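1. predicted model and sequence below, questions to follow.
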Amino acid sequence: MAVEFKSNLDTVLKESQEAIERAAEIIGGMAESYAKELCPVDTGNLRNSISHTTENNGHTVVIGSAVKYAPYIELGTGIYANGESHAKKIPWYYKDDKGKWHKTYGMKPRPYLRPAIEKHKDEYKEVLRAELSSG
């Protein structure tokens with residue numbers, strides 16, 4: 001009696017990849033929402049600019065903002081800047097809208113991206129687990 005084997009590897013790999021891509025998009029949307037909730041609001045420009053993309057066939061989720069001052073809000077400036085900030089020039093001067101000069105030593109960080117990721121890791125893992133087990 002001959003035994004015949006049929007490989008379902010291609011189907012399993014295809015379905016797994018689709019589940020990973022679905023999970024990445026869901027996770028990106030969740031992280032974007034959490035970041036927007038945490039984002040300090042002045043004009044709303046920064047909060048409205050936060051977005052996400054998925055890359056590398058869903059194996060990478062990128063969240064951030066293209067607003068020029070976004071890193072300064074997240075990482076701080078001057079004496080308050082955390083180790084990743086490149087804004088450590090101390091002190092510096094700036095002119096306000098009325099033409100008056102001001103001296104500053106920096107601004108404390110107001111993180112919104114990192115906590116949106118770090119505080120919700122377990123939720124993101126659960127989304128991936130659920131997508132991989134569905135179907």
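-> On my side now, so go ahead.
2. pull the residues that contact the helix or strand bottoming out on mean pLDDT in the chain.
-> Least confident element among the helices and strands of the chain, by mean pLDDT, DSSP states H and E: strand 92-95 (a mean of 84). For strand 92-95, contacts defined as CB atoms under 8 Å, 6 or more residues apart in numbering pick out 78, 101-104. Glycine gets a C-beta too; all of them are placed from N, C-alpha and C.
3. now the element after it, going C-ward?
-> Helices and strands here follow DSSP states H and E; after strand 92-95, the next one along the chain is strand 101-104.
4. show me the contact partners of the helix or strand just after that following strand.
-> Heading C-terminal from strand 101-104, the first helix or strand you meet, by DSSP H and E, is helix 113-118. Helix 113-118 has contacts (CB under 8 Å, 6+ apart) with 31-32, 34-35, 37-38, 50, 63-64, 74.
5. inside strands: which ones of those?
-> Among the contacts of helix 113-118, the members found in strands (DSSP state E) are 63-64.
6. now the contacts of helix 113-118: which count as buried?
-> 31-32, 34-35, 38, 50, 63-64, 74 (16 or more other CB atoms under 10 Å).
7. can I get these in TSV with distance to residue 131 and pLDDT?
-> As requested, the buried ones among the contacts of helix 113-118 are exported to TSV (distance: CB to CB, whole Å; pLDDT from 0 to 100):
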residue	distance to residue 131	pLDDT
31	15	98
32	18	97
34	19	98
35	21	98
38	25	97
50	23	98
63	18	97
64	23	96
74	29	94
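8. might you list the low-confidence residue ranges for this protein?
-> 85-89, 135 (pLDDT under 70).
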